[in-house]
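# below: sequence and its predicted model.
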Amino acid sequence: MTTSLPDPRDDRDAICALKYRYLRTLDTKQWDEFADCFVPETTGDYNGLIFDSRDALVTYMRTNITEGMITLHQAHHPEIVIDGDTATGRWYLQDKVIVEAFRFMLEGAAIYEDRYVRTADGWRVAHTGYRRTYEATMSLDDIPSFKVSGPGTHTHV
């Protein structure tokens, strides 16, 4: 009887699903599910904003990405290398932040560099972070026709 080796595409798909869940739960402010994307000893470095644990990272996001703040994070073009129970991933990020209260919008891009570990519960992030390729900010007052609608938003921004 022959035993087939695990298909590395299954691991790649699982890591992609993890990254997509990370982005979705960040944007929808589902903090418990967001926290579950990481191992407790996770580290982070978002363009110099450094975290030394999952708790520190999640607490920062929960405190600073609040209701009334619209965020959009999209990761593209994954470059994933799997080595047994560890992996690395590089992703191209496009993001947008809209803060009505401050009449502010940010658009940007970055390159994520992540490390992953296989746990008993599946793949988890061991390190995440990015370096910006650009960031553009603007006042919503400069765009008088700009409108945002959807759950939790006002009719006009």
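Yep, it's here. Numbers count the residues shown, from 1 in each chain.
# what sits up against the helix or strand containing residue 134?
Here residue 134 sits within strand 122-139, counting by DSSP states H and E. The contact list for strand 122-139 (CB atoms under 8 Å, 6 or more residues apart in numbering) reads 11, 14-15, 18, 22, 37-39, 41-47, 86-87, 93, 103-117. Using the backbone N, CA and C atoms, a C-beta is placed for each residue, glycine as well.
# and what of stretch 19-39?
Contacts of stretch 19-39 (CB under 8 Å, 6+ apart): 18, 54, 57-58, 61-62, 65, 67, 71-75, 78, 89, 91, 114, 117, 119, 124-126, 128.
# picking up where we left off before, inside strands: which ones of the contacts of strand 122-139?
If you go by DSSP state E, these have 38-39, 41-46, 86-87, 93, 104-117 in strands.
# which of the residues you listed are buried?
Using 16 or more other CB atoms under 10 Å as the burial test, the ones in strands among the contacts of strand 122-139 include 38-39, 42-44, 46, 87, 93, 105, 108-110, 112-114, 116-117 as buried.
# the residue nearest the centre of the chain and residue 125, how far apart?
With distances taken as CA atoms, centre = their mean, residue 23 lies nearest the centre of the chain, 3.8 Å away. Note on residue 23: its distance to residue 125, by CB to CB, to the nearest Å, is 12 Å.
# ok, residue 28 next?
18 Å.
# just the C-alphas of stretch 65-83, formatted as CSV.
What follows is stretch 65-83 as a C-alpha-only set of coordinates in CSV (Å, rounded to 0.1, in the frame of the first residue of the first chain):
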residue,chain,number,x,y,z
ILE,A,65,-9.5,51.1,14.2
THR,A,66,-12.8,52.2,15.7
GLU,A,67,-16.4,52.5,14.6
GLY,A,68,-16.8,55.4,12.2
MET,A,69,-13.5,54.4,10.5
ILE,A,70,-13.8,52.6,7.2
THR,A,71,-10.9,50.5,6.2
LEU,A,72,-10.2,48.4,3.1
HIS,A,73,-7.2,46.1,2.9
GLN,A,74,-6.6,43.9,-0.1
ALA,A,75,-3.6,41.6,-0.6
HIS,A,76,-2.6,40.4,-4.0
HIS,A,77,0.0,38.3,-5.8
PRO,A,78,1.1,36.0,-3.0
GLU,A,79,4.6,34.6,-3.1
ILE,A,80,4.5,31.7,-0.6
VAL,A,81,7.4,29.4,0.3
ILE,A,82,6.6,26.4,2.5
ASP,A,83,9.3,24.5,4.4
